[in-house]
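sequence first, then the predicted structure:
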Amino acid sequence: MPYVRIWVHLVWTTHNREPYLSKDIRRKLFIHIKENAKAKGIYLDFINGYLEHVHCLISMNAEQNISKIAHLLKGESSYWINKNQLTKSKFYWQDDYYVKSISNAEIHHVREYIKNQEEHHRTKTFQEEYDEFIEGIDLLEEK
C-alpha cells in the first residue's frame with residue numbers, strides 16, 4: 001500500500017455568503033462535520049470558520065481526491081443542517097470552494113490561522129480574505 005500524505009486547506013461558504021453560521025450553529029456543525037469526516041475515512045485535523053464560511057485542514061490519503069472530500073463534507077452537512085432545522089430557511093453551501101496544498105512546515109501555522117477565525121474577521125471581511133487567497137498572498141504572514 002502506498003504512503004501518501006497530502007495536506008490541504010479547504011474553505012467553502014454558505015450560499016450567497018449569507019451569515020447563517022451563528023456561534024451556536026458553528027459549534028454543532030463543526031462537531032458534526034468532524035464526526036462525518038471520521039465515518040467517511042477523511043482525516044480532518046482542524047475545523048473552524050465564521051458567519052458564512054468554513055476552514056478545514058485535511059490530510060488526504062491515496063484513495064481520496066479534493067472534489068470527493070469537498071462533496072462529502074459539504075453535501076452531508078447541508079442535509080444535516082436542514083434535517084435539524086438549524087436555519088430558518090433552506091440551507092445551501094455555495095458550489096465553489098478554495099483549496100491550497102500545505103507543506104508539513106506550515107501545518108502549525110494553518111491550525112493557528114483556522115483557530116483564530118473569529119478574531120481574524122473582526123478586522124477583515126471574508127471577501128477580503130478570499131481576494132487574498134486568490135491573489136496568492138500568504139495569509140500566514142499576517143502573524
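Thanks, I have the structure now. Since the model is a prediction, treat every value here as computed from it, not as a measurement.

next up, the contacts around residue 46.
Counting by Cβ atoms under 8 Å, 6 or more residues apart in numbering, residue 46 makes contact with 55-57, 110-111, 114-115. Just so you know, the C-beta spots here come from the backbone N, C-alpha and C atoms, and that holds for glycine as well.

now for those residues, which pair is the farthest apart?
56 and 115 (12.2 Å; Cβ to Cβ).

give me the most central residue, this protein.
Centroid check for the chain by Cα atoms, centre = their mean gives residue 55 as the closest residue, at 2.6 Å.

what sits closest to that one if chain neighbours are left out?
Leaving aside its sequence neighbours, residue 55 sits nearest to residue 114 (Cβ to Cβ, 6 or more residues apart in numbering; 4.4 Å).

which ones are touching the one you found?
Taking Cβ under 8 Å, 6+ apart, one finds 9, 46-48, 55-57 in contact with residue 114.

list only buried entries from those.
9, 46-48, 55-57 (16 or more other Cβ atoms under 10 Å).

ok so, going back, for the contacts of residue 46, which one is nearest residue 80?
residue 56 (15.7 Å).

could you list which of the buried ones among the contacts of residue 114 belong to strands?
9, 46-48, 55-57 (DSSP state E).

for the residues you listed, give me JSON lines that also has pLDDT.
Listed next are these as JSON lines, based on pLDDT from 0 to 100:
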{"residue": "9", "pLDDT": "95"}
{"residue": "46", "pLDDT": "97"}
{"residue": "47", "pLDDT": "98"}
{"residue": "48", "pLDDT": "97"}
{"residue": "55", "pLDDT": "96"}
{"residue": "56", "pLDDT": "98"}
{"residue": "57", "pLDDT": "98"}
